[in-house]
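Undergrad: the following block contains a protein sequence and its predicted model.
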Amino acid sequence: MLCTAGQVICCKAAVAWEAGKPLMIEEVEVAPPQANEVRLKILYTSLCHSDVYFWEAKGQNPLFPRIYGHEAGGIVESVGECVTDLKPGDHVLPVFTGECKDCARCKSEESNMCDLLRINIDRGVMLNDEKTRFSINGNPIYHFLGTSTFSEYTVVHVGCVAKINPLAPLDKVCLLSCGISTGLGATLNVAKPPKGSTVAVFGLGAVGLAAAEGARIAGASRIIGVDINSNRFEEAKKFGVTEFVNPKDYKKPVQEVIAEITDGGVDRSVECTGNVDAMISAFECVHDGWAVAVLVGVPHKDAVFKTHPINLLNERTLKGTFFGNYKPRSDLPLLVEKYMNKELELEKFITHSVPFSDINKAFDYMIKGESIRCIILME
């Protein structure tokens, strides 16, 4: 890979030309990394629901043409100036949010919201010069979440790249660069359910199942899965879910249903849908006096969260989180080691795999609700 350092690389990428239309495999030019940037060769990427959500462009400002993808594993091809802790050949996970290690939030033990590199859904260019590193015939192709992993090569800010154990299988641990870490951390790092507690998880996609897995690891006695797709319950049992509630089966609000079956409410809830009504239900279903609700899903840009102030005054706590409160560069390598030590299982999240040329099948699987995670093989 060293022979390509400093040169423009021509490679294949799946380009979204407009909202909701199938991605097109195109030949793109990928410019060399500039200061504080690295160019990665992506070996495996996965489709996250956020990719689908922003590709559909139903709830935010559309930006096209764009290369999506943000859950992946790869190898460093080359590094730009000022990059000292990564070198060509390193095995890495690119992450949609970063860790500069210098700002107040990076230095805080309580936050992972880096001042410089926190998630920005609207930015389609690099921070260094506000230009793209992708182009086709000289025309810019926009980045997505600073990662754009639906390309054989991509350029990422060094603060959004976690160096990991080179022995870790990238086709498995790539899942840790977004969804699994997000759900797992939302439970273990933010909700922090005590052993023997009751936990409700809203939305049983990959993030929700990871949140349930976190509750299982924490020793929750009851894990209630809430989803409008009853077909997900059987699979959810593998992740520790003990009971299932489908809001469509009841004429009353689901928060009332959960309060009735848990003697006043659950001890912890984790919302993983992005639906504002589910967010409200997740908060209002927790027990007064001590319980905590954690919001994980990304809402529509115009969504408004409404609840009566008495719900807060009665000592319920509402929290939010991005990426499960994990600091990407500091914490992801430790999560990878947990997988390597068999303390964390990732295989059960993987239901499909497709070659890069069939990437649109991954979208079909997710839209139909048939997959948890689909691994896309770049080679």
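TA: Okay, I see it.

Undergrad: so where is the stretch 51-200 of the chain shaky, pLDDT-wise?
TA: Counting by pLDDT under 70, the ranges of the stretch 51-200 of the chain that qualify are 59.

Undergrad: which parts of it are helices?
TA: 104-107, 170-173, 179-185 (DSSP state H, counting those that start in this stretch).

Undergrad: closest one to residue 34 among those helices?
TA: helix 104-107 (21.7 Å; Cβ to Cβ). C-beta coordinates here come from the backbone N, C-alpha and C atoms, glycine included.

Undergrad: against residue 16, how distant is residue 57?
TA: Distance, residue 57 to residue 16, using Cβ to Cβ, to the nearest Å: 9 Å.

Undergrad: shared neighbours of those two, which are they?
TA: Both residue 57 and residue 16 lack any common contact, where contact means Cβ atoms under 8 Å, 6 or more residues apart in numbering.

Undergrad: more crowded one of those two?
TA: residue 16 (25 against 16; other Cβ atoms under 10 Å).

Undergrad: the more buried one bridge partners, please.
TA: residue 66 (DSSP bridges).

Undergrad: isn't residue 280 up against residue 307?
TA: Yes: using Cβ atoms under 8 Å, residue 280 makes contact with residue 307 at a distance of 5.7 Å.

Undergrad: who has more neighbours out of the two?
TA: residue 280 (20 against 15).

Undergrad: OK, contacts around the more buried one?
TA: Taking Cβ under 8 Å, 6+ apart, we find residue 280 in contact with 255, 305-307.

Undergrad: which one among those residues gets closest to residue 23?
TA: Checking the contacts of residue 280 one by one against residue 23 (Cβ to Cβ), the nearest turns out to be residue 305, at 32.9 Å.

Undergrad: next, the contact list for the closest one, please.
TA: 276, 279-280, 299.

Undergrad: which of these has the most neighbours?
TA: That'd be residue 279 among these, by other Cβ under 10 Å, with 25 neighbours.

Undergrad: check contacts around that residue.
TA: Applying Cβ under 8 Å, 6+ apart, the residues near residue 279 are 202, 271, 273, 295, 297, 299, 305.

Undergrad: surely it is in a helix?
TA: Yes: secondary structure of residue 279 (DSSP: H, G, I helix; E, B strand; the rest coil): part of a helix.

Undergrad: from the contacts of residue 279, which shows the smallest pLDDT?
TA: pLDDT across these is lowest for residue 299, at 85.

Undergrad: that one belongs to a strand?
TA: No: counting by three-state DSSP, residue 299 is located in no strand; its state is coil.
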